[in-house]
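Chemist: any chance you can model this:
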Amino acid sequence: MPRQCTQCGKIYSRTIKRSHSMRASIRRLLPNLQYAVFDGKRVKACTRCIKTKAKAK
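Modeler: The predicted model follows:
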């Protein structure tokens, strides 16, 4: 299973990491996934989706 939010579909993004000598290497920025309960099911969701759902209550 990929590291993906089940609610919004957010996946990793890529960015360039630079060392002191300015050499470039690609780095992955992963979403902050947590286990949460949505509609009675335990799923992996990003913290933004969890926060939005808590606000809607």
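
Chemist: in the protein, where is pLDDT below threshold?
Modeler: For the chain, the stretches flagged by pLDDT under 70 are 1.

Chemist: list the contacts for the residue nearest the centre of it?
Modeler: The centroid of the chain falls nearest to residue 31 when counting by Cα atoms, centre = their mean (1.8 Å). The contact partners of residue 31, by Cβ atoms under 8 Å, 6 or more residues apart in numbering, come to 3-5, 10-12, 46. (C-beta placed from N, C-alpha, C; glycine too.)

Chemist: now swap in residue 22 and tell me
Modeler: Residues near residue 22 by Cβ under 8 Å, 6+ apart: none.

Chemist: on that earlier part again, of the contacts of residue 31, keep whichever come out buried.
Modeler: Burial by neighbour count, 16 or more other Cβ atoms under 10 Å: within those this picks out 5, 10, 46.

Chemist: my read is that the last one contacts residue 9, right?
Modeler: No. Counting by Cβ atoms under 8 Å, residue 46 stays clear of residue 9, with 9.6 Å between them.

Chemist: quick one on the thing from earlier: element containing the residue nearest to the centre of the chain?
Modeler: Using DSSP states H and E, residue 31 maps to neither a helix nor a strand.

Chemist: one step back: turn the buried ones among the contacts of residue 31 into a markdown table, including distance to residue 27 and secondary structure.
Modeler: A markdown table is the format used below for the buried ones among the contacts of residue 31 (distance: Cβ to Cβ, whole Å; DSSP: H, G, I helix; E, B strand; the rest coil):
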| residue | distance to residue 27 | secondary structure |
| --- | --- | --- |
| 5 | 20 | coil |
| 10 | 17 | coil |
| 46 | 19 | strand |
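
Chemist: show me the contacts for residue 14.
Modeler: Residue 14 sits next to 26-29 when contact means Cβ under 8 Å, 6+ apart.
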